[in-house]
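Q: Just the structure for this:
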Amino acid sequence: MGVEDKKRVLILGAGFGGVNTALHLEKKIGADAPVEITLVDQHHYHLFTPMLHEAASGVIDSSLILTPIRRILRGKRVRFVRARVEDIDLQAQEVGLGCQRLSFDILVIALGSVTDFYGLESVRERAMELKSASDADRLRCHAINRFEAAVDESDPHRRQELLTFVVVGGGCTGVETVTELHEFLEHLREEQYDSIERAEMRTVLIEARGGVLPQMGHSLAQKALRRMKKMGIEVKLNTKVTGLQKRGLEFAGDQETLPTETLVWTAGVRAHPLLDDVPLEKDSIGRVVVGSDLSAPESPNVYVLGDAAHARHPQTDKVYPPTAQVAYRQARVVAANINADVQGGSRRAFDFSYIGDLVSLGRLSGVADPFGLRLWGMLAWLMWKFYYLLSLVGWQNRMRVALNWFLALLFPLNSSLPNQCMPDGEAEPC
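A: Numbering: from 1, shown residues only. Below you'll find the predicted structure:
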């Protein structure tokens, strides 16, 4: 059978949904199946996002959450194309990749999400994100540089601005980020900058709603809140950010501006902007509305999963959250349905009861609600470690991350400044 007779399956995005769709589909189809699978991503690696906050603090090296896609696909009947997706033409059944166009018979959109700044342009221009390994490295470098600048600053108000670190967003990502960042800052001050008084350093979590971790039960959310306050983290609830100017972070109402040079924005996500021009029904944050089989009703040969999909639970009618847990399981169903499309059979509906959330709260602490249970403290922390360690791609990274975790318990974190992280705005130190 010639190449022109094969069904061309094109998968966009090598996150949890895209990579696992390719792997499951490759396993399902027979060696002689008339299918050609192509996976496209702008990066040559798969990023394990749940550990980004630990990479930012130096608990693990950022390289350990990156796995080369070609290594993942080694020996598999999946072609990998490293390129940025420029446009999707459903009518012509083509995807533009800059200097080339790829045709498809079946399209899988797993492009993930981007940070949602809710139209706050000043925040978008000045805030930091935590969506990539480079973001994690940048945050760590930025924190070290703020301490370096504070040591030589005699103006107490300017020192306060330099030493105030703010995270906006009280969901899982924001809570994990602020607790991990706070512990790193505490270690940094004690190890290198003991001339800075503890009272001068502030770590602040800001949330627009009345509580943190809204997806968890009230009792676990309160435990997380108490844990953060005990650590010394300031938590400001019912506080809506309206802008980030040179003088600091601005809020709605009569709340005073918070002087700071460090804002990490984790307040929300929206679907990849590439989907804006795709003629499919979308929700308020740009996700494609899909049917029970995860295909777009307007284009049955187009599947959408992960953060790009607005999918509902068949019994509860609740929208599935944008988590790796959901994307990973959606990949199995998408692969099974593509196999049915190609080789005959009925499509499956995606029916998955969300297991729950695991949230780390710094060293030896966390909260978790697996299968309705309520766990906190070291037990939840151990469950977080165990679950995500097993979820990592490849035994090499699992062993290295486990070793990093073990060493982090025995020895202080590495708080040295990487060579590529120079003082802001300078080629080299004065």
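Q: How many residues are close by the nearest residue to F16 once chain neighbours are set aside?
A: The shortest distance from F16 to any residue that is not its chain neighbour, by Cβ to Cβ, 6 or more residues apart in numbering, is 4.1 Å, and that residue is A327. The way it works is simple: take the backbone N, C-alpha and C, and place the C-beta from them, glycine included. A327 is flanked by 26 other residues according to other Cβ atoms under 10 Å.
Q: A327 contacts V108, doesn't it?
A: No: here A327 does not reach V108: they are 11.7 Å apart, not a contact under Cβ atoms under 8 Å.
Q: Can you pull the residues that touch both of these two?
A: L305 (Cβ atoms under 8 Å, 6 or more residues apart in numbering).
Q: is it true that P50 lies in a strand?
A: No: residue assignment for P50, taken from DSSP: H, G, I helix; E, B strand; the rest coil, gives helix, which places it outside any strand.
Q: Is it in contact with Q325, as I believe?
A: No: the pair P50 / Q325 is not scored as a contact, 9.5 Å apart, by Cβ under 8 Å.
Q: ok, the residue nearest to F16 - contacts?
A: A327 makes contacts with G15, F16, G17, N20, A110, L305, G306, D307, as judged by Cβ under 8 Å, 6+ apart.
Q: and the third one, what does it touch?
A: G17 makes contact with A110, G112, L305, G306, A308, A327, Y328, Q330, A331, V334 under the criterion Cβ under 8 Å, 6+ apart.
Q: Check the second one too.
A: Taking Cβ under 8 Å, 6+ apart, we find F16 in contact with G306, A324, A327, Y328, A331.
Q: again, only this time at 7 Å
A: Shown in contact with F16 (Cβ atoms under 7 Å, 6 or more residues apart in numbering): G306, A324, A327, Y328.
Q: Could you point out which of the contacts of A327 is nearest to L403?
A: Proximity of the contacts of A327 to L403, judged by Cβ to Cβ, is greatest for F16, which lies at 23.9 Å.
Q: Which residue ranges of the stretch 51-200 of the chain form helices?
A: Taking DSSP state H, counting those that start in this stretch as the criterion, the stretch 51-200 of the chain contains helices spanning 52-57, 69-72, 121-126, 133-151, 156-162, 172-192.
Q: Please verify my assumption that H187 contacts F411.
A: No: with contact defined as Cβ atoms under 7 Å, H187 does not reach F411; the gap is 10.9 Å.
Q: higher neighbour count, those two?
A: With other Cβ under 10 Å as the criterion, H187 and F411 differ in neighbour count, and H187 comes out ahead with 16 against 8.
Q: measure that one to L382 for me?
A: 22 Å (Cβ to Cβ, to the nearest Å).
Q: can you check L181 too?
A: For L181, the distance to L382 under the criterion Cβ to Cβ works out to 22 Å.
Q: The two: which has the busier surroundings?
A: For the pair L181 and L382, the greater number of neighbours falls to L181 (26 against 14), based on other Cβ under 10 Å.
Q: my guess is the more buried one meets F165, correct?
A: Yes: contact status for L181 versus F165: in contact at 6.3 Å, counting by Cβ under 7 Å.
Q: any residues in contact with both of these two?
A: Overlap between the contact sets of L181 and F165, as judged by Cβ under 7 Å, 6+ apart, is given by T203.
Q: and the nearest residue to S365 once chain neighbours are set aside, what is it in contact with?
A: The shortest distance from S365 to any residue other than its chain neighbours is 5.4 Å, reached at W381 (Cβ to Cβ, 6+ apart). The neighbourhood of W381, defined by Cβ under 7 Å, 6+ apart, consists of S360, L364, S365, G366.
Q: Buried ones among the residues you listed?
A: When burial is judged by neighbour count using 16 or more other Cβ atoms under 10 Å, the buried members of those are S360, S365, G366.
Q: So which of the contacts of G17 sit within helices?
A: Counted as lying in helices by DSSP state H, out of these, are A327, Y328, Q330, A331, V334.
Q: number of nearby residues for the fourth one?
A: It refers to A331. Here the number of neighbours of A331 (other Cβ under 10 Å) works out to 28.
Q: Would you agree it is in contact with G15?
A: No: counting by Cβ under 7 Å, no contact exists between A331 and G15, whose distance comes to 9.9 Å.
Q: Buried residues, stretch 55-63. List them.
A: Buried residues in stretch 55-63, counted by 16+ other Cβ under 10 Å: A55, A56, S57, G58, V59, I60, D61, S62.
Q: ok, back up a step: show me the two of the ones in helices among the contacts of G17 that sit farthest apart.
A: Taking Cβ to Cβ as the measure, the ones in helices among the contacts of G17 span a maximum distance of 11.1 Å, between Y328 and V334.
Q: That's all I had, so thanks and see you.
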